[in-house]
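[1] I would like the atomic coordinates for the input below:
(chains A, B, C and D)
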4 protein chains.
Amino acid sequence: MCRWLAYSGTPILLRDALYSPAHSLIDQSLHSRLGAETTNGDGFGLGWYGAGTDPAIFRSTHPAWNDGNLREVAGHVTSPLFFAHIRASSGTAVQRTNCHPFRHGNVLWMHNGLINDLSAVKRDLVLDVDPSLFPYIEGQTDSEVLFFLALTLGLEEDPPAAVSGAIGLVEAAGRRRGVANVFQGTIATTDGERIWVFRYSSEGRTRSLFVTAEVPTLRRMYPQLALLDALSDGTRLVVSEPLGDLPGAWQELPESSYAVISSADVAIRPFSPPRTPRRQRPAYLAGSVPA
Amino acid sequence: MCRWLAYSGTPILLRDALYSPAHSLIDQSLHSRLGAETTNGDGFGLGWYGAGTDPAIFRSTHPAWNDGNLREVAGHVTSPLFFAHIRASSGTAVQRTNCHPFRHGNVLWMHNGLINDLSAVKRDLVLDVDPSLFPYIEGQTDSEVLFFLALTLGLEEDPPAAVSGAIGLVEAAGRRRGVANVFQGTIATTDGERIWVFRYSSEGRTRSLFVTAEVPTLRRMYPQLALLDALSDGTRLVVSEPLGDLPGAWQELPESSYAVISSADVAIRPFSPPRTPRRQRPAYLAGSVPA
Amino acid sequence: MCRWLAYSGTPILLRDALYSPAHSLIDQSLHSRLGAETTNGDGFGLGWYGAGTDPAIFRSTHPAWNDGNLREVAGHVTSPLFFAHIRASSGTAVQRTNCHPFRHGNVLWMHNGLINDLSAVKRDLVLDVDPSLFPYIEGQTDSEVLFFLALTLGLEEDPPAAVSGAIGLVEAAGRRRGVANVFQGTIATTDGERIWVFRYSSEGRTRSLFVTAEVPTLRRMYPQLALLDALSDGTRLVVSEPLGDLPGAWQELPESSYAVISSADVAIRPFSPPRTPRRQRPAYLAGSVPA
Amino acid sequence: MCRWLAYSGTPILLRDALYSPAHSLIDQSLHSRLGAETTNGDGFGLGWYGAGTDPAIFRSTHPAWNDGNLREVAGHVTSPLFFAHIRASSGTAVQRTNCHPFRHGNVLWMHNGLINDLSAVKRDLVLDVDPSLFPYIEGQTDSEVLFFLALTLGLEEDPPAAVSGAIGLVEAAGRRRGVANVFQGTIATTDGERIWVFRYSSEGRTRSLFVTAEVPTLRRMYPQLALLDALSDGTRLVVSEPLGDLPGAWQELPESSYAVISSADVAIRPFSPPRTPRRQRPAYLAGSVPA
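    Model prediction:
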C-alpha cells in the first residue's frame, strides 16, 4: 500500500534523495522492509516545485525500479521541495490518474494507506465533495477522493483542519455504512512553502512515518558524512520507511499526530478527526474554485 | 471523437474485419475520411464473445495502427460477435479505463460522440446512476456514465427503452444546466446475441452510421468476391464510417433511429428520448446488481 | 532472471494454468520462492497455438500481476500448447522486443538465465548468426541472440543439435574473450507439436526445471483432484519453479539434460555442448530463410 | 518519417518552443503540413542540457500530442539547448530505445529520414561500428546505427567529417548491396555547446530543413513580438518544418549542405560524403571509448 518521501530544504538533484541512499525509495519499489506489501510496483509519481508557475507532476504506470524516464528526470532536475510516491494498488487500476501525488492549483497531496471497503462509502464521499470541485476528480482512488474532501473543507487555507474534517467525513460514512476501522494512513500535503504530514488510523494502529533529525544534530552525530555539509540547517526528509541505517537519524512520528515542516522548524501536534464534521466549504471559500 | 465497428455472423478471425478491408478501421486510426478528427490515436479497444463465460475486452492506450499486441490478438482470435473502437479523446485522459468498449456482466457498450460541456452535467448524471451500480464506474468518460445510466434503466432487459431513458436524463441535465445540444453520438450495445445500434443527437445532426446490406444481396452484386461465400446469410457489419469502396454495400441508418441486428434480420425503428425520463431502476430490477 | 511455464495437452483456458494454481506463475511475478530474484516484474509474454497460421505472441512491459489485458486474454483464449514467461531484466531495456517468448515462423523460444558479461561476447555471437537471419533480430537480449544462433544451426530441423551447437558457440566466445561460466539457464522451444526443454550451465550449477508426473500417476496419487479427470493422459506442464504443493507431482530435470515432450511421452537425455561448434547453417538449410 | 526541432540560446521553458507556437511541433505530431506522413504518432523524445553532468533524454512510446508527462516536463524544465523529436516509424518497433534523440556521453543525435532497404545493408553497417562501441547500441533503427558509425569516425572531435564519413559508409554499403538512393534525411547533433545540422540525400532530393533568421533581424521585422526582446541575439531554432506563419522568419538550408550553429553565428557549408570512406576510428581515438 505504497511508500512515499517528502523533501524540503537545500535544492538538490532529485536522484540524490531517490536513488542514492542505501535502502532508497527506488529500492523499496522492488523490496521494502516495513509494511504488508514488500513490492510497490504499481506505478509511481514525482511532484516538484521549480521552473513554471505550479508544481510539476510526473507519473507513470511502470514500476519505479525499471523506469528509464524516472531515472532521467530525477538525474536532471533540482528542487527545494519535492514529493515522491511508489504505489501498491489495493485494487484500482494501474493508470496515471491513480498515481500520487495529486495536484490542485499549487497544492500537492499523497497518501499511503486506504479507506476500507471503499465501494461501500465512495458514493457518499463523492457527494460530500463540493460540486464546483467535482469535475476535477480524474481517477478512481480513495486517496484522491480524500484530497478533494480536504480541498472542499479548506485545505488551501488551513491544512490540519481540512484534513481532520475530511477524515471525519470518511469516518462518518464508515459508521453510516457499517465499515469498521474505515481509515488508515499517512498523508503528506504542501503548498510549496510548508509540508504537513499526518499519521492516523481509525483503529489507532497506523503504518509508520519518520522525519529526519535536525541537520546540525546529524552533523554532530556523523561528522564523516560530507553530504550533510551541503545541506541547510532546515533541510528535512519525511518518509514512510527509513532510508539507510544511521542510528538516531530518524524520528518516528507518534500515532495520531501531525507535523508542520518549514525551513525554520518541525512542529508536532496531536491529531484527531471530529466526530461530526461539517460538510460544506468554509464560508470564506464559498463560490471560489481553486484553479 | 472516435470510430467503431460491430460484427455479428459467421465466426471470423478478427483481423479479417479490422485490418484487411481497404480503408479499414485500423487505417482510420491514422487517417479517417469522415468526421471532424482525422486521427483516432488516443487508444483503442476490442470486445469479443468466445471462450470464457463473459465477453473479453482488450484495451490499450497506444494508437491502434502501431500496437503489436492488437495485431497478434486480432490475428489469432475468432469470434461470431465482436466490437472494435478507436478513440480520439475529447479531453479525458488516455488510459485503459477510458477506452471502449465498456463491459458489465455479459453486456458490451461503445460510443462515438460526446456529451457537451460534460463538467457542467457530470455530477447530476453520476447521481442518477443507481447506487448499487456506482462502484463499478472505473473511468472518467461521458460514454461510460451514459452506459451506467442505461444499466440503471434496464439495459439488460430492454435496450431501446434504457438507452432512450439514459439520453433523456442527459438532455434533462442539459436543460437544467443550460447546455445546448447536450448529446451527440452513435452507440452500440450487445448481450452477445443481438446488437443494438443508435444514431441520435439533441441537435438532429448526428455523425454517420452504416450497416452492410444483406449477404445474399451482396453476393448477387459482387459475385467475384469469394469471401462472401464463406459468410452466413445473416452476417452483418455496422460501422461509423464505411470500409472499402463497394457501391451499394452500405446502408446509412437514418437520423434519430436505432437498429436491432440479429442473425435473422435487421430491424430499423425511430428513436426519440423522453422529455421527462424516470430516474430509478425499473421495479423488476430493484435491488438486483448485474454481476 | 525470469520464470517460465510451458503447457502441452488437452486444450485449456490459459488462465487455468497461469492464474489458478496456488503459487501460480502470476504470483511468482510478484513473489517467487526459488532463484535469486523474488520479483519478476520487468514485463511478460505469452505464446500460444490455435487460430491463425502461426503461433500468437502477446507481450507487455508491465508486470504480469497487474496487467488487465493479460487477465483478459488468459481468461478468453484456449490452447493445446502454450508458453508463458515473466521477466526480471539483467540490465537490458524493458520493452516488448526484449520479452519472451520469441517467435520465428512456427517456432517459439524462451529462456531463464543469462550469458555472463554479454557485452564482451555479443558482437562475436551476432556475427555467428546467419546473415539471412540477421535482419529478424529485434531486441537486445542474450536470449534472442541465442535463439538466432540456434536457428542458424538448424533449430527447425533438429532442436537438440541446434541448441547444443548454439551454446557451444557461446562457450567458444566466452573462452575467446575470457568470460568464465559464460552460459547459464533453462530453455524451452517448440514447433507447435513437441516441446524441447534444456537445463544447462557452463558451471554445472543450473537454475531449476520441473516437469509434471504423468497424468495417470497424478490421478492415482490425488483421486480427489477432479481437474485431472479433464486432462488427457499426455498432458504435461514444465516450469522453472513448481506450482502448488503436491508432493510427487513434480519431477526435477537433472543437471545437463534435456527433455522432449510429446503427447506420447517425455524422453529425458543428457546434454553437453560441443567444444568446437560449427558456425554455418547446415548444408540442407543453406540459402533457406524461415519465414 | 519524423519531425524535429533544435534550440540554442537564451534559456527558456521547453513548452514555449514545443507547445506555444502556431503549428507547433506538438501540433505536427497530429497533423503536419510538409512531408509524406501527416501523423507523427509513433513516440517522441526530448533531450536537454541543464542540471546534471550529461544531457537528459526523456522518451516515450505514446504520441506527443496526448502525453501528460511530456506536457509536465516541458512546462517545468528550462534549458539553453535542447532537441525534440516526433516519430513516424518506417517499420521498426515503437519502443523507447528506437526514439530520438540518441545520447552517447555528452552528445545528442536525431534524424528525420531513412536508410532505404535497411535489412539489406544493416549487417554491413553494424560491422563497421567500432567493436568498443558496439555494446552501446540499444535499439533497432537506421538512425541509431548511423549515430554509431559517426561516433566510430570521430563525431566527438569533428562532426562534419564524421557524419560525412558515416553517410559515405551507408552509400558504400548501398552500392555493394544494390540499394538505390540509400540515404535520405536531415540530422542534428550537438555537444552541448554547438549544434550541427545536415541536409543530404543520395538522390539529391532531401526533405526540408529551416533555421530562424537572426534575432536582431526578426526584431526589426516584427517589432510587435515582445517575446523576441527576451531572447539573446544568438538564439536560434532549427526545424524540419516551420512553426508559425511569419514571412521571412525562416531560412531554408540548401540541398546537400550543413550548418554549424553557435551563440556567435550560423555558418552554412556544402556537404558531400566521400565515395571511399574509411572504416576505422581515427588514430587519435583508437582505443578510447566515449563514456
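[2] Now the closest residue to A:Ala17 other than its chain neighbours: which helix or strand?
    Distance criterion CB to CB, 6 or more residues apart in numbering or on different chains; nearest residue to A:Ala17, sequence neighbours excluded, is A:Tyr7 at 5.3 Å. For every residue, glycine as well, the C-beta is placed using N, CA and C. If you go by DSSP states H and E, A:Tyr7 is part of strand A:3-13.
[3] re the thing from before, how many other residues sit next to the residue nearest to A:Ala17?
    Neighbourhood size, A:Tyr7 [other CB atoms under 10 Å in any protein chain shown]: 26.
[4] can you list the residues of the stretch 101-250 of chain A near chain B?
    Residues of the stretch 101-250 of chain A lying near chain B by CB under 8 Å from any CB of the partner chain: A:118-119, A:122-123, A:126-127, A:131, A:134-135, A:138-140.
[5] Buried among those residues? Make that a ChimeraX selection.
    What follows is the ChimeraX syntax for the buried subset of these, where burial is set by 16 or more other CB atoms under 10 Å in any protein chain shown:
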select /A:118,122,123,126,134,135,138,139,140
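[6] would you turn the residues of the stretch 101-250 of chain A next to chain B into TSV with secondary structure?
    Formatted as TSV, those follow (DSSP: H, G, I helix; E, B strand; the rest coil):
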residue	secondary structure
A:Leu118	helix
A:Ser119	helix
A:Lys122	helix
A:Arg123	helix
A:Val126	helix
A:Leu127	helix
A:Pro131	coil
A:Phe134	helix
A:Pro135	helix
A:Glu138	coil
A:Gly139	coil
A:Gln140	coil
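[7] so which of the residues of the stretch 101-250 of chain A next to chain B would you say is closest to B:Glu156?
    Proximity to B:Glu156 was ranked across those by CB to CB; first place goes to A:Ser119, at 20.3 Å.
[8] hang on, the closest one packs against B:Pro135?
    Yes - at 3.6 Å, A:Ser119 counts as touching B:Pro135 under the criterion of CB atoms under 8 Å.
[9] and after the strand holding A:Tyr7, which helix or strand comes next?
    Downstream of strand A:3-13, the first helix or strand assigned by DSSP H and E is helix A:14-18.
[10] got a list of what the closest residue to A:Gly234 other than its chain neighbours touches?
    If the residues on either side of it in the chain are set aside, A:Gly234 comes closest to A:Ser263, at 3.9 Å by CB to CB, 6+ apart. Shown in contact with A:Ser263 (CB atoms under 8 Å, 6 or more residues apart in numbering or on different chains): A:8-9, A:232, A:234.
[11] shaky segments in the stretch 1-150 of chain A?
    Residues of the stretch 1-150 of chain A meeting the criterion pLDDT under 70: A:1, A:33-37.
[12] mind redoing it with 90?
    A:1-3, A:19-40, A:51-53, A:89-92 (pLDDT under 90).
[13] so how far is the strand holding A:Tyr7 off the chain centroid?
    Put simply, strand A:3-13 sits 12 Å off its chain's centre (CA atoms, centre = their mean, to the nearest Å).
[14] Would you mark the buried spots in that strand?
    Using 16+ other CB under 10 Å as the test for burial, strand A:3-13 gives A:3-9, A:11-13.
[15] likewise stretch A:254-267?
    A:257-261, A:263, A:266.
[16] Same check on stretch A:182-196?
    A:182-192, A:194-196.
[17] Filter the residues you listed down to the ones in strands?
    Per DSSP state E, strands hold the following members of the buried residues of stretch A:182-196: A:183-190, A:195-196.
[18] Closest to A:Arg59 out of those residues?
    Of all those, A:Ala188 has the smallest distance to A:Arg59: 15.6 Å, by CB to CB.
[19] wait, the closest one sits on A:Arg199?
    No - A:Ala188 sits out of contact with A:Arg199 when judged by CB under 8 Å, with a separation of 10.4 Å.
[20] Distance-wise, check A:Val238 relative to chain D.
    Distance, A:Val238 to chain D, using CB to the nearest CB, to the nearest Å: 22 Å.
[21] Quick check, A:Val163 in contact with A:Ala188.
    No - counting by CB under 8 Å, A:Ala188 is not a contact partner of A:Val163; they are 10.4 Å apart.
[22] Now the common contact residues for those two.
    A:196, A:198.
[23] residues contacting the residue nearest to A:Ala17?
    Here A:Tyr7 is in contact with A:17, A:79, A:81-83, A:235-238 (CB under 8 Å, 6+ apart).
[24] Show only the entries of the residues you listed found in helices.
    Counted as lying in helices by DSSP state H, out of the contacts of A:Tyr7, are A:Ala17.
[25] okay if I get the contacts of A:Tyr7 as CSV plus neighbour count?
    Shown next, in CSV, are the contacts of A:Tyr7 (neighbours: other CB atoms under 10 Å in any protein chain shown):
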residue, neighbour count
A:Ala17, 22
A:Ser79, 23
A:Leu81, 23
A:Phe82, 27
A:Phe83, 29
A:Thr235, 20
A:Arg236, 23
A:Leu237, 20
A:Val238, 24
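[26] excluding its backbone neighbours, what's nearest A:Thr212?
    Ranked by CB to CB, 6+ apart and with sequence neighbours excluded, the top spatial neighbour of A:Thr212 is A:Leu237, at 4.7 Å.
[27] What separation do you get for the one you found and C:Arg123?
    44 Å (CB to CB, to the nearest Å).
[28] what's the answer for A:Pro135, then?
    Counting by CB to CB, the gap from A:Pro135 to C:Arg123 is 56 Å.
[29] for A:Val129, same thing?
    Using CB to CB, one gets 59 Å for the distance from A:Val129 to C:Arg123.
[30] A:Ser143 too?
    From A:Ser143 to C:Arg123 the distance is 49 Å (CB to CB).
[31] Just want the residue of the stretch 151-291 of chain A that's nearest chain C.
    A:Glu241 (16.9 Å; CB to the nearest CB).
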